[in-house]
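Undergrad: below is the sequence, then the predicted model.
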Amino acid sequence: LLWGGDDEQKAEQARGNKDARNWQDEAQKLVETTMRLYWKSRPSAQRTDVQESSPAPFNNNDDSDSDINDIMAEYERHRRTLISQDIDEDWNSELRRYLKGIPKNVNVDTDLVEWWSDNAKLYPTLARIALDVLPSQASSVPCERAFSSAKLTGTDRRSRIKAEFFEILQILKATWRDNLINL
């Protein structure tokens, strides 16, 4: 990676910044913590408790059937042990697999929400995180613009406008803004 790593942290500390951080390390810790949280709340983790019923054993008295029953019982014990363990390797292996591979179909113009939707089966936990975070507005500028527009609408002369009419005016302004021609 190009910036924010150990070298930059040491350079900042040499310049007297005692609080300098290795931002790559901080980002890695944040992603791992988030992956752990999302992994525990994944749909398959919640369904494993319901799916723990064991298959019905065979009821024949034949010795070969008895061997099959023993094998099936051993398999079922092993399966339940694996289900009950909190296996962190799975989220970790998903993250490592993602970090090792460089997607060839991603460029500057890629719609990341669409990309993560398309790759949700390959990286299910990361896709859930990405689809929770990416659609969120990164900047507060549009929100501030809406409040500024409301300030212009809600002048002293219009102070008696009811809330629903005020909302209608704001929606009309936003809708017509780009379509009005100033003569």
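TA: Received the coordinates, thanks.
Undergrad: now tell me which helix or strand of the protein has the poorest mean pLDDT.
TA: Lowest by mean pLDDT, DSSP states H and E among the helices and strands of the chain is helix 43-47, with a mean of 60.
Undergrad: look up how far Ser66 lies from the spatially most central residue of the chain.
TA: Nearest to the geometric centre of the chain sits Ile129, at 0.6 Å (Cα atoms, centre = their mean). Separation of Ile129 from Ser66 (Cβ to Cβ, to the nearest Å): 49 Å. (C-beta placed from N, C-alpha, C; glycine too.)
Undergrad: got any ranges where this protein has weak pLDDT?
TA: Residue ranges of the chain with pLDDT under 70: 1-2, 44-64, 80-89, 137-144, 146, 183.
Undergrad: tell me the domain ranges of it?
TA: Domain assignment for the chain by automatic domain parsing gives 6-52+69-104, 141-176.
Undergrad: Thr125: which of these is closest?
TA: Nearest of the domains of the chain to Thr125, taken as Cβ to Cβ: domain 6-52+69-104 at 5.1 Å.
Undergrad: not counting its neighbours along the chain, what's nearest Gly4?
TA: Using Cβ to Cβ, 6 or more residues apart in numbering and skipping the chain neighbours, the partner closest in space to Gly4 is Trp23 (3.3 Å).
Undergrad: does the residue nearest to the centre of the chain count as helix, strand or coil?
TA: helix (DSSP: H, G, I helix; E, B strand; the rest coil).
Undergrad: my guess is it contacts Trp39. True?
TA: No: taking Cβ atoms under 8 Å as the definition, Ile129 is not a contact partner of Trp39, at 10.1 Å.
Undergrad: and the strand or helix carrying Trp115, how far out from the chain's middle?
TA: According to DSSP states H and E, Trp115 maps onto helix 112-118. Here helix 112-118 is found 12 Å from its chain centre; the criterion is Cα atoms, centre = their mean, to the nearest Å.
Undergrad: what's the answer for stretch 153-165, then?
TA: Distance, stretch centre to chain centre, for stretch 153-165: 41 Å (Cα atoms, centre = their mean).
Undergrad: show residues contacting stretch 148-158.
TA: Outside stretch 148-158, the residues that touch it by Cβ atoms under 8 Å, 6 or more residues apart in numbering are Ile161, Phe166, Leu169, Gln170, Lys173, Ala174.
Undergrad: and the residue nearest to Thr34 when sequence neighbours are not counted, how close does it get to Arg42?
TA: Nearest residue to Thr34 in three dimensions, chain neighbours excluded: Ile129, at 5.7 Å (Cβ to Cβ, 6+ apart). With distances taken as Cβ to Cβ, Ile129 is found 11 Å from Arg42.
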